[in-house]
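Chemist: sequence plus the predicted model coming up.
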Amino acid sequence: MSGITTPARRGLDGVVAAQTRLSHVDGLAGELIIGGYELKELAGRVTFEEAAHLLWRGALPGPEPLLALRREMASQRALPEETLQVVRASRTAPPIDALRMACATLSLDMADPNDISPQADLGDAQMLTARFPSIVAAHARLSAGLEPIAPRADLSHAANFLYMVHGKEPDPIAARALDTYWVTVIDHGMNASTFAARVIASTRSDMVSAVTGAVGALKGPLHGGAPGPVLDMLVEIGAAEKAEGWLKRELAAGERIMGFGHRVYKVRDPRAEVLSKVADEMSAAHLEDRRLFDLARAVEQIALRVLEEEKPGRNLKTNVEFYTALVLQSLGLKPRSFVAMFACGRVAGWCAHVIEQHAEDHLIRPQSEYVGPRGLKTG
Ligand code: ACO
């Protein structure tokens, strides 16, 4: 075949790249469906482990399969020594880079890293999802000059993470907040990192390779890297009455306002709705968190108005990252770790997509439109 049959779509905008049973994003209705359930049916009502089971096996688990999944994941939380060495060596690097480097080592203690059978994929999904928080927690401690804390098998996925970071059992409200956050971000249609994972899996490459690539794709500020800058923005603005001037100056300088705008959503991201409630609940007990939450709510309203005035018709609404920043901050986590925290939730979705892509077994290989010169001569 020669020549271009269809015009290139910038950024593959609107192109359907796969069929999936995992999640659906309706950007006009502001609806996110995960495994058949609307997000609001799941967030705050099922645990992260249950949501992961839904994606990996197609249904929410009954009590016994849930217990079995919890046990298996808890037994896989400890990191292999080689992985811990990489985390140590990368302790001054940003957490998301440490996670990418450590993730690549997770095939070292696998019986056959290249086994991409459905059974092996399920095992790999559990292992990767179980270990991501252990990597992020170990890195948080090492970068603060502390030794990592061994995981505890008797705690839930979320509670154990907070225990490994802070060294004490978390308040149940904090553990629930993190659990809800991870359920909220577990999957989201054909986003850039998921697409990256599926492209890699489509070559019949293994799950660890696909997930390592996805971590790299998530890192960028246009995808998962926005919540740290959201917090910086709120701190810089400082008071609601300064917001309008600050936002207008940023826009005039050609900057983007972090936490707003989305390729698919043209209305408020339903995840922002869930997470603003979580942030509200978490900030009830602490004066500083409350001040930040009240400021965020005020800045959100002003930003929506200013964006509509300065960028009319672009429908730039609040996205998931805006309140993520507040939820993670209230859990005592550092902004530099926010994108790695996102990865700890999204890893379950990436793995589910890899399982789906391996079953599909069809190479993803789009075309490009050549716009360079032709007929050049070397001599
Ligand atoms: N602030 C200011 N202007 C914006 C913003 C924003 N946050 N987002 C988009 N725009 C403007 C663009 O400058 C462009 O303006 P123009 O028409 O005058 O050139 C117009 O809106 C369209 O922008 P695109 O880049 O084509 O829109 P796209 O759909 O590709 O962008 C994106 C989506 C990348 C998320 C963008 O809205 C953005 O950069 N937001 C800020 C970063 C952010 O919050 N990222 C997290 C996204 S959520 C997630 O991935 C988990």
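Modeler: Perfect, thanks for sending it. Numbering: from 1, shown residues only.

Chemist: which residues of the stretch 201-350 of the chain fall in helices?
Modeler: Using DSSP state H, counting those that start in this stretch, the helices of the stretch 201-350 of the chain run over residues 207-218, 227-237, 243-252, 270-283, 287-310, 320-330, 338-360.

Chemist: in CSV: these, plus distance to residue 29 and mean neighbour count.
Modeler: Any C-beta I mention is one placed from the backbone N, CA and C, and that applies to glycine too. Shown next, in CSV, are those (distance: least, C-beta to C-beta, whole Å; neighbours: other C-beta atoms under 10 Å):
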stretch, distance to residue 29, mean neighbour count
helix 207-218, 25, 24
helix 227-237, 25, 20
helix 243-252, 28, 16
helix 270-283, 9, 22
helix 287-310, 19, 17
helix 320-330, 16, 27
helix 338-360, 21, 25
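
Chemist: out of those helices, which is closest to the ligand?
Modeler: Nearest of the helices of the stretch 201-350 of the chain to the ligand, taken as C-beta to the nearest ligand atom: helix 320-330 at 4.5 Å.

Chemist: CA-only coordinates of the closest one, as CSV, when you get a sec.
Modeler: Taking Å, rounded to 0.1, in the frame of the first residue of the first chain, the C-alpha atoms of helix 320-330 are listed here in CSV:
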residue,chain,number,x,y,z
VAL,A,320,-8.7,14.6,38.6
GLU,A,321,-5.4,16.2,39.5
PHE,A,322,-6.7,19.3,41.3
TYR,A,323,-8.2,17.5,44.3
THR,A,324,-5.7,14.7,44.2
ALA,A,325,-3.1,17.2,45.4
LEU,A,326,-5.2,17.9,48.5
VAL,A,327,-6.0,14.3,49.3
LEU,A,328,-2.4,13.2,49.1
GLN,A,329,-1.1,16.3,51.0
SER,A,330,-3.5,15.5,53.8
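
Chemist: quick check: pLDDT value at the closest residue to residue 12 other than its chain neighbours.
Modeler: Excluding its sequence neighbours, the residue lying closest to residue 12 (C-beta to C-beta, 6 or more residues apart in numbering) is residue 366, at 7.4 Å. As predicted, residue 366 sits at a pLDDT of 91.

Chemist: measure residue 366 to the ligand for me?
Modeler: When C-beta to the nearest ligand atom, to the nearest Å is the yardstick, residue 366 and the ligand sit 18 Å from each other.

Chemist: can you count the residues close to that residue?
Modeler: Neighbourhood size, residue 366 [other C-beta atoms under 10 Å]: 10.

Chemist: residue numbering should commence at 193 henceforth.
Modeler: Sure, I'll start numbering at 193, so the last one becomes residue 558.

Chemist: I'd assumed residue 203 was in contact with it.
Modeler: No - judged on C-beta atoms under 8 Å, residue 558 makes no contact with residue 203 at a distance of 11.9 Å.

Chemist: next one: stretch 313-323 to chain centre, how far?
Modeler: Computed by C-alpha atoms, centre = their mean, to the nearest Å, the chain-centroid distance of stretch 313-323 equals 16 Å.

Chemist: close to the ligand: what parts of the protein are there?
Modeler: Within the chain, the residues that sit near the ligand (C-beta under 6 Å from any ligand atom) are 414-416, 418, 448-455, 503, 506, 508, 511-513.

Chemist: please redo it, this time with the cut-off set to 8 Å
Modeler: 203, 205, 377, 380, 383-384, 413-418, 421-422, 443, 446-456, 461, 499, 502-503, 506, 508, 511-514, 534 (C-beta under 8 Å from any ligand atom).

Chemist: longest helix of the protein?
Modeler: helix 310-335 (DSSP state H).

Chemist: now do it against helix 399-410, angle only.
Modeler: If you take axes from the mean of the first three to the mean of the last three C-alpha atoms, to 10 degrees, helix 310-335 sits at 50 degrees to helix 399-410.

Chemist: packing partners of the helix or strand that helix 310-335 is followed by?
Modeler: Using DSSP states H and E, the helix or strand that directly follows helix 310-335 along the chain is helix 349-358. Helices and strands touching helix 349-358, by 3 or more C-beta pairs under 8 Å, 6 or more residues apart in numbering; DSSP states H and E, are helix 240-249, helix 255-267, helix 310-335, helix 364-376.

Chemist: export the helices of the stretch 393-542 of the chain as a markdown table, with columns for mean pLDDT.
Modeler: Compiled in a markdown table, the helices of the stretch 393-542 of the chain are given as follows (pLDDT from 0 to 100):
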| stretch | mean pLDDT |
| --- | --- |
| helix 399-410 | 98 |
| helix 419-429 | 91 |
| helix 435-444 | 97 |
| helix 462-475 | 94 |
| helix 479-502 | 94 |
| helix 512-522 | 93 |
| helix 530-552 | 97 |
